[in-house]
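1. got a predicted structure here, sequence first:
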Amino acid sequence: MSGFKMDRRGLLKTSAVVGAGLAMPTIFTSAARAYTNEPTGGSVTLGFNVPQSGPYADEGADELRAYELAVEHLNGGGDGGMMNTFSSKALKGNGILGKKVEYVTGDTQTKPDAARASARSMIEKDGAIMITGGSSSGVAVAVQALCQEAGVIFMAGLTHSNDTTGKDKKANGFRHFFNSYMSGAALAPILAANYGTDRKAYHLTADYNWGYTTEEAVRNSTEAMGWETVAAVKTPLAQTDFSSYVAPVLNSGADVLVLNHYGGNMVNSLTSAVQFGLRAAEANGKNFEIVVPLYSRLMAQGAGANVAGIFGSTNWHWSLENVAGDRYAGTNAFVQSFGAKYGFPPSQAAHTVYCQTLLYADAAERAGTFNPCGIDEALADYEFDGLGNGPTLYRAADHQCFKDVLVVKGKENPESDFDLLEIVDVTPAEQVTYDASIFGGELGSCNPGA
Amino acid sequence: MDQIVLQILNGLDKGSAYALIALGLTLIFGTLGVVNFAHGALFMLGAFCTVTVNRILNLGFVPEGATTQSVGGFNFGSPKETPYLEHWFGEAAGQAIVDWSVPLSILFAIPVMLLIGVIMERGLIKHFYKRPHADQILVTFGLAIVLQEIIKYYYGANQIPAPAPEAFVGSFDFGAMIGMDAGAIIYPYWRIVYFVFALIVISAMFAFLRYTTFGMVVRAGMADRETVTILGINVDRRFTIMFGIAAAVAGLAGVMYTPINSPNYHMGMDFLVISFVVVVVGGMGSLPGAVLAGFLLGILESFASMREVIEFLPGVNQVVIYLAAIVILLTRPRGLMGRAGVMED
Amino acid sequence: MLGLNKKDAGLLFFVAILLVFAPFLLNPFPESSSLAQFNAGYPDLMQRFAIFGIFAIGFNILFGLTGYLSFGHAAFLGAGSYASVWMLKLLTINVIPAIIISTLVAGVFALLIGIVSLRRSGIYFSILTLAFAQMAFALAASVLTPITGGETGLQTALNDPRILDGANETGNIPSPSLFGLETGATWQMPVGDWLFTFNAGYYMCAVMMLIAFYVSLRIFSSPFGLLLKAIKTNQNRLNYTGVSTRPYMLACFVISGMYAGLAGGLMVSMDPLAGAERMQWTASGEVVLMVILGGAGTLIGPVLGAGFIKYFENIFSKINKSVLEGWFSFMPEGLQDIFVTILYPFVGKGWHLTLGVLFMLVVIFLPGGLVEGGKRIGKLFGRRKSKDTETGETNPAPAE
């Protein structure tokens, strides 16, 4: 069959199609392409696959805003945003490699199946050369595997599990966002400094992949500081009322509650914890404390006043450059550009996907090709700066970005709906860097498909 | 011991929500014979009544001369508004009204939910009494999606906090009250309020059906609709009102639930499946059964989520409700208190 | 022909034609036109039409014939999916064993659940099946993670044993294939501005669906099917005449479960991933909706319902604001804004709304589902064409 297997999965308005015109049907032909969905016309299509229904729809909407902004900037529109501060000057505002950037959108529904269906339709129907987005690690891992198989690049959106670039890493997949390990490593010293090294922690962990890796990371790094873990209880992902998990905490001998929850889980469990008086309580002669390893603005909005004073970590925050200085150049340019267009500051999800889009475009520009193997090479151990996180390394061994991690806490008196978190400390990248081999998994080799 | 008391309290609290939703559902489902997949959406609409009231109370105007607010040095915030309430009644009184927005929402939610219920019944459900259950499922599921999407369109998908009044924030020492060690059982005020509220609504429902003529006719209509109609009584109109009441009960359950969990647009779907299980486990056509099953499953769920239990049987917290449902339905063919012949074919 | 009466044979032939020419029928719009957005003739969606068609046909054998409404059918689809991923991981990347095993595993699973659930009828049966499926889902997503991959789902990996295959030296995970022909293999045929896509996996699914449809036709017209219909009409009377209905019901439930398992196996063969959410009640609910929407108890209805829902899920969710603006760009600016504003809530992230509204419209105006709609259109066009329009429902594109 090999003779017939001229084109796998690719299908697009190739110039051959147009060229064929109204001539006799040329049965079973296709342009010989070097790689899946090689763009042959004057434009290149990117696939933005974000949650548009389900609990993370608002986060997905914010990602889409950032994507649209990135496309505008790549095509030379708007004020250029972070393209002006980006250390690489390969991008010229004339699209990517001279081709105008177009995009298609899809709904992941935060379900691996639906996300893959959506990504496949982008690859098969719309000829997307790169898929990006998402708001959960389950989806990221599933779509990343699909892209590896189909021979397109996957630029992960918001995904925080170690697995995305650990156990389940793939050569065609790249992640700019930080991960559980980094959260743990960044948080532990701050927690020790604020709450002391003699603490007993009680973990509530969402019963799925991300929850496991986060619990493990926070446990390991806090235990290394001298903390003791009293108990770790898994809570169902679909749980909405956490009272029966929170109620026993106060009498368990613990004096810190760690909520390894994200999104709605975290909002509800934190609300329960505050209701049960944990914030006001004392245990072992100390103030009882609550920690949320991964924060997002939407979570802070959902939990309202309950987040005040609670520590956590984030990948980026829009006030970063104003608080921590020039090292984080790009932040203000991005916030200005995003805010001018939409009227409010971007979330960390918006930031990471904007960076991913720019990084992809820049890699293609430097490689001189959209071929996934070319992109792979261009991003291997690539060092860059000016995208708001300070100097950053895209590590070749696992396609994970290494950059400074923000430790934040909920503001006591927020000025507005968008000003809910304040930056406590920025942990330097060296402190959160780990050996690429510790999580297992195999990167494999880049797959150009076709 | 204290842990057990604590989990019983939790169970009663969870059970309150299950029982309230199941109560309305069983009125529609077990008695009118309509499989109402939109019942969860009614619960959600109730919760968003609170959000709406809160928004209305916070409506404000931009004081003259106000400029765009600077957000951390960036000038794209809209100007800060002064709520009308604070303008009219002074700052303290205005803030107090906003603080009490959840209980105030009850006043708003009752007429709104009654109206929604009546419109739903007259406009849609009425035409489906004689249609197969399959059609009822499809139409009510479609309605549930539409209601959800409308809420999502206007309020977004994120959760919206709706805190309880300041007076009910925090928790009290339940253990000391019943003579145990101080601090052994700490329980939040609002959850107690929710439980008491549920008991009041449930008793009121029962009293209404038991002691009023209207209730008597409805019960008669449930048992034998044809005979009651022949007697010259307009059962249809009463059923419409019952539907409205069922919607109001679901709505109130939602209003009072908002401080416990911040509402979002698909909270109804999260409760939908559980409430069907509760109704069926309670037994089709039995109101006391639904309430009993609600509290029973709530308590079981709470016990199953104790650390000691999970360590012994991993995953039991995730399945206990369904496991209990299977055991009950296999040992008692018509659930706890079901009547024969209702929805059995 | 093939043991079918003339009407059924005609229907089978009609479905066969639709399946064979789906790549043309589903791509009616030229590539460069803005309506190309509505084309559904790409491999993933065509495969999904066929696979969910099988799932719905199987569900209809249970629900349409006996009236027993299972609310946990997705559990069998999920069980089949997991079984087939394990086959692809352990045995061989060839999909044949995976599909066979998935059907069998789902059958066994259905047998176990059926024995217990069929002790009750009506709503009590529905809740029992729902409870089993929800338990399966909750456990698969959490404590069974080593077997199921948890929330992320179970995938094939580079270092899987695959004992029947040779050592893999490509550095890439092999794609599922049918004796070397990858299910993703695709040929394209440009005709003018049209581009038609022929996908090996789709045709595999189509063949399976045709067989599934044929078996369902035979069951509907067999004495067994007649007995099942009698159960729906009056089970008590049947019992009084001395017929023990339980074995028939159980057989029907298991067959229906095997259809779901086959669908699961095919899903994995097209795209080697099995996620726990395939077992969730929403997935069970979806197949219930498909069957009711298309027309429960009719032969072709479930397939139409499946196509209808999958079409809206996959096509409407991808229409975003800039696409809308593109469509109405020929209008003056004010008018364009009005149209975009009106339509925007119904597409893209609002695709659920469109689906919800359509559910209500169909059930209100077409009691009996899409098939009823087809019949009404058929009557409009006179008797001669009535057979064709039985399947040509209101929406032209997903006519599967």
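-> Done, it's in. Numbers count the residues shown, from 1 in each chain, chains lettered A, B, ... in the order given.
2. pull the distance from stretch C:234-241 to the chain's centre.
-> Relative to the mean C-alpha coordinate of its chain, stretch C:234-241 is positioned 33 Å out (C-alpha atoms, centre = their mean, to the nearest Å).
3. please work out which residues outside that stretch touch it.
-> Contact with stretch C:234-241 is made by B:Asp345, C:Ser121, C:Leu227, C:Ala230, C:Ile231, C:Thr245, as judged by C-beta atoms under 8 Å, 6 or more residues apart in numbering or on different chains. C-beta here means a position set from N, CA and C on the backbone, and glycine is covered the same way.
4. 6 Å - rerun?
-> Residues external to stretch C:234-241 that are found in contact with it (C-beta atoms under 6 Å, 6 or more residues apart in numbering or on different chains): C:Ala230, C:Thr245.
5. what's the answer for stretch A:221-240, then?
-> In contact with stretch A:221-240 (C-beta under 6 Å, 6+ apart) are residues A:184-185, A:188, A:192, A:197, A:199-208, A:215, A:219, A:245, A:252-254, A:268, B:261, B:270, B:307, B:318.
6. what of stretch C:148-157?
-> A:112, A:138, A:141-142, A:145, A:208-209, C:82, C:85, C:88-89, C:140-141, C:173, C:272-275.
7. now with 8 Å?
-> The set of residues that contact stretch C:148-157 without belonging to it, under C-beta under 8 Å, 6+ apart, is A:112-113, A:137-138, A:141-142, A:145, A:163, A:168, A:208-209, A:237, C:81-82, C:85-86, C:88-89, C:93, C:140-142, C:144, C:147, C:173-174, C:272-277.
8. with stretch B:53-66 instead?
-> B:79-87, B:97-98, B:101, B:104-105, B:108, B:162.
9. by neighbour count, which of those residues wins?
-> The member of those that has the most neighbours, counting by other C-beta atoms under 10 Å in any protein chain shown, is B:Ser105 with 29 neighbours.
10. how near is it to B:Pro165?
-> Remark: distance between B:Ser105 and B:Pro165 (C-beta to C-beta, to the nearest Å) = 11 Å.
11. in three-state terms, label B:Gly33 for me.
-> For B:Gly33, the secondary structure call by DSSP: H, G, I helix; E, B strand; the rest coil comes out as coil.
12. for the longest helix along chain B, which positions count as buried?
-> In chain B, taking DSSP state H as the definition, the longest helix is helix B:2-26. Buried residues in helix B:2-26, defined by neighbour count with 16 or more other C-beta atoms under 10 Å in any protein chain shown: B:2-3, B:5-7, B:9-26.
13. next step: the contacts of stretch B:53-66 restricted to strands.
-> Among the contacts of stretch B:53-66, the members falling in strands (DSSP state E) are B:Thr82, B:Pro83.
14. narrow the contacts of stretch C:148-157 to those that are buried.
-> When burial is judged by neighbour count using 16+ other C-beta under 10 Å, the buried members of these are A:112-113, A:137-138, A:141-142, A:145, A:163, A:168, A:208-209, A:237, C:81-82, C:85-86, C:88-89, C:93, C:140-142, C:144, C:173-174, C:272-277.
15. okay, which residue is most central for the chain?
-> You didn't pick a chain, so chain A it is. The central residue of chain A, meaning the one whose C-alpha is nearest the mean C-alpha position (C-alpha atoms, centre = their mean), is A:Leu158 at 2.3 Å.
16. ah, no, chain B please
-> B:Ala253 (3.0 Å).
17. okay, and which of the contacts of stretch B:53-66 map to helices?
-> Among these, the members found in helices (DSSP H) are B:Tyr84, B:Leu85, B:Glu86, B:His87, B:Ile97, B:Val98, B:Ser101, B:Leu104, B:Ser105, B:Phe108.
18. and which of those residues is nearest C:Val108?
-> B:Ser105 (51.6 Å; C-beta to C-beta).
19. quick one: residues contacting the closest one.
-> Taking C-beta under 8 Å, 6+ apart as the criterion, B:Ser105 is in contact with B:Cys49, B:Thr50, B:Thr52, B:Val53, B:Asn54, B:Val255.
20. same question, C:Pro97
-> C:Pro97 makes contact with C:Met87, C:Leu91 under the criterion C-beta under 8 Å, 6+ apart.
21. before we move on, what about B:Val281?
-> So B:Val281 contacts B:Gly289, B:Ala293, B:Leu296, B:Leu297, B:Ala324, B:Ala325, B:Ile328, B:Leu329, B:Gly335, B:Leu336, C:Ile127 (C-beta under 8 Å, 6+ apart).
22. just say helix, strand or coil for the nearest residue to B:Ile8 once chain neighbours are set aside.
-> Spatially, and ignoring its direct neighbours in sequence, B:Ile8 is nearest to B:Ile299 (6.2 Å; C-beta to C-beta, 6 or more residues apart in numbering or on different chains). When the structure is split into helix, strand and coil by three-state DSSP, B:Ile299 lands in helix.
23. number of nearby residues for B:Ile299?
-> Residues within reach of B:Ile299, counting by other C-beta under 10 Å, total 20.
24. cool, and C:Tyr202?
-> Neighbour count for C:Tyr202, taken as other C-beta under 10 Å: 27.
25. now do C:Phe381
-> The local packing count at C:Phe381 equals 12, with neighbours defined by other C-beta under 10 Å.
26. near chain A, which residues of the stretch 1-150 of chain C show up?
-> By C-beta under 8 Å from any C-beta of the partner chain, the part of the stretch 1-150 of chain C that sits against chain A consists of C:31-32, C:39, C:42-45, C:48, C:138, C:141-142, C:145, C:150.
27. B:Gly33: which of the residues you listed is nearest?
-> The nearest one, if we look at the residues of the stretch 1-150 of chain C next to chain A relative to B:Gly33 and count by C-beta to C-beta, is C:Ala138, at 30.6 Å.
28. now the closest one: closest residue in space that isn't a chain neighbour?
-> Closest to C:Ala138 by C-beta to C-beta, 6+ apart is B:Gln318, at 3.7 Å.
29. and the one helix or strand the one you found maps to, what does it pack against?
-> Take DSSP states H and E as the rule and B:Gln318 turns out to sit in helix B:316-331. In this structure, helix B:316-331 makes packing contacts with helix B:267-282, helix B:287-304, helix B:307-312, helix C:122-141, judged by 3 or more C-beta pairs under 8 Å, 6 or more residues apart in numbering or on different chains; DSSP states H and E.
30. what mean pLDDT does the first one have?
-> Translated: helix B:267-282. Confidence for helix B:267-282, expressed as mean pLDDT, is 90.
31. go through it and flag the buried ones.
-> If you call a residue buried by 16+ other C-beta under 10 Å, then helix B:267-282 has these buried ones: B:267-282.
32. tell me the angle that helix makes with helix C:122-141.
-> Angle, helix B:267-282 to helix C:122-141, by axes from the mean of the first three to the mean of the last three C-alpha atoms, to 10 degrees: 120 degrees.
33. from the chain's centroid, how far away is helix B:267-282?
-> The chain centroid and the centroid of helix B:267-282 are separated by 11 Å, computed with C-alpha atoms, centre = their mean.
34. just the ones of the buried ones among the contacts of stretch C:148-157 in strands?
-> Checked against DSSP E, the buried ones among the contacts of stretch C:148-157 include these in strands: C:Leu273, C:Ala274.
35. quick one, strands of the stretch 151-300 of chain B?
-> Taking DSSP state E, counting those that start in this stretch, the strands of the stretch 151-300 of chain B run over residues B:171-173, B:186-188.
36. same check on chain C?
-> Using DSSP E, strands in chain C cover C:154-155, C:177-178, C:181-182, C:185-191, C:194-199, C:273-274.
37. looking at those strands, which is buried most?
-> Of all those, strand C:273-274 carries the top mean neighbour count, a mean of 28, counting by mean count of other C-beta atoms under 10 Å in any protein chain shown.
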